[in-house]
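Chemist: output the structure for:
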Amino acid sequence: MMQFAEQFPDAKILSPLATKLSWSHFVELLPVKTDDARLYYAHDASQRCYGTKELRHQISRKAYERKEIANAELSKDSVVPFNVFKDPYLLDLFGLKDNFLEADLEKAILKEIEAFILEFGHGFSFVERQKRMILDGEDIVLDLLFYHRILKRLIAIELKLGRFKAEYFGQMALYLKWLDRYERQPGEEGPIGLILCATASREKIEMLELDKSGIVVAEYWTAMPPKVDFERKIREILAQAKERLARRNLLSDGNAVEREIEYFYEEKDEG
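Modeler: I've put the predicted structure just below:
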């Protein structure tokens with residue numbers, strides 16, 4: 001109870017959470033190391049009506065850290081809103097075997113659509129698979145189309161095997177132009193795109209400044225490494241993202257960046 005009082009001192013924040021979360025939820029949140037992460041998981045559980053098992057699952061899969069990695073990839077001129085995507089996405093529950101094709105990944109996502117949307121986050125709704133677009137009499141096909149109810153935007157998703165290639169940028173930009181012209185409804189914001197790759201090629205993505213065109217690139221992992229390796233890899237990716245963010249001079253206090261990086265390399269209590 002003392003720990004709870006220390007970690008949730010603001011009654012204005014606690015009061016709405018307490019109407020939706022049980023004491024068991026708060027017990028799960030107490031070992032979370034930072035205030036920002038703790039509040040993220042609390043609000044996410046509240047908005048999405050998680051039970052304690054699912055909340056524990058989200059914490060163990062580093063949902064907050066993966067959101068921070070995605071946010072760190074966005075520039076100050078980004079068309080993509082913050083706190084929407086994660087990086088990487090964990091598709092380890094989909095039963096994919098070695099040497100699968102893009103079509104196999106698409107089918108697995110549709111088969112496990114509930115798990116996919118749960119991994120994606122709050123507000124996503126499935127719209128269409130293999131979205132057909134006609135341009136100059138030729139068919140072009142988008143893998144998956146979602147809608148984000150909160151952002152009021154279409155979300156175009158392309159699935160790619162292997163490493164990110166620069167030509168994927170032009171392909172997605174064309175999809176977004178088409179959707180903006182022919183599918184966008186009155187009152188909606190412009191569509192944004194997500195390219196899911198096995199390897200993100202993060203430096204190349206930063207150079208291309210895709211986010212200024214409303215495009216995000218994220219990795220997907222189809223197999224979860226052991227817990228120790230997973231946590232180490234997430235810390236490394238986040239540290240690299242924070243370093244790129246510092247190089248872009250988005251944070252005036254370089255020491256704050258260093259402290260954040262150091263935190264993710266610290267030994268953590270298992271709780």
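
Chemist: and the contacts of the host helix or strand of Tyr40?
Modeler: Assigned by DSSP states H and E, Tyr40 falls within helix 35-48. For helix 35-48, the surrounding residues in contact (C-beta atoms under 8 Å, 6 or more residues apart in numbering) are 7, 13, 16-17, 20-21, 25-26, 29, 32, 50, 54-55, 58-59, 63-65, 67, 121-122. C-betas here are computed from N, CA, C, even on glycine.

Chemist: name the residues of it that are buried.
Modeler: Buried residues in helix 35-48, counting neighbours by 16 or more other C-beta atoms under 10 Å, are found at 37-46.

Chemist: ok, stretch 166-176 next?
Modeler: Buried residues in stretch 166-176, counted by 16+ other C-beta under 10 Å: 168-169, 172, 175-176.

Chemist: and for that stretch, what are the contacting residues?
Modeler: With contact meaning C-beta under 8 Å, 6+ apart, stretch 166-176 is reached by 133, 135, 140, 142, 156, 158, 160, 190-193, 195, 197, 204, 208, 210, 213-215, 217.

Chemist: what do you get if the cut-off is 6 Å, keeping everything else the same?
Modeler: Residues outside stretch 166-176 that contact it (C-beta atoms under 6 Å, 6 or more residues apart in numbering): 142, 156, 158, 191, 193, 195, 208, 210, 213-215.

Chemist: ok, and the most crowded of those?
Modeler: Leu210 (27 neighbours; other C-beta atoms under 10 Å).

Chemist: hang on, Arg129 in a strand?
Modeler: Yes. Assessed with DSSP: H, G, I helix; E, B strand; the rest coil, Arg129 lies in a strand.

Chemist: quick one: low-confidence ranges for the stretch 101-250 of the chain?
Modeler: Counting by pLDDT under 70, the stretch 101-250 of the chain shows low-confidence ranges at 249-250.

Chemist: can you do 90?
Modeler: Within the stretch 101-250 of the chain, the ranges that satisfy pLDDT under 90 run 114-115, 118, 121-122, 135-138, 200-209, 224, 240-250.

Chemist: okay, which residue is most central for the protein?
Modeler: Geometric centre of the chain, nearest residue: Lys86, 1.4 Å, by C-alpha atoms, centre = their mean.

Chemist: list the buried ones in the lengthiest helix in the chain?
Modeler: As assigned by DSSP state H, the longest helix anywhere in the chain is helix 227-247. Within helix 227-247, the residues scored as buried using 16+ other C-beta under 10 Å are 230-231, 234-235, 237-239, 241-242, 244-246.
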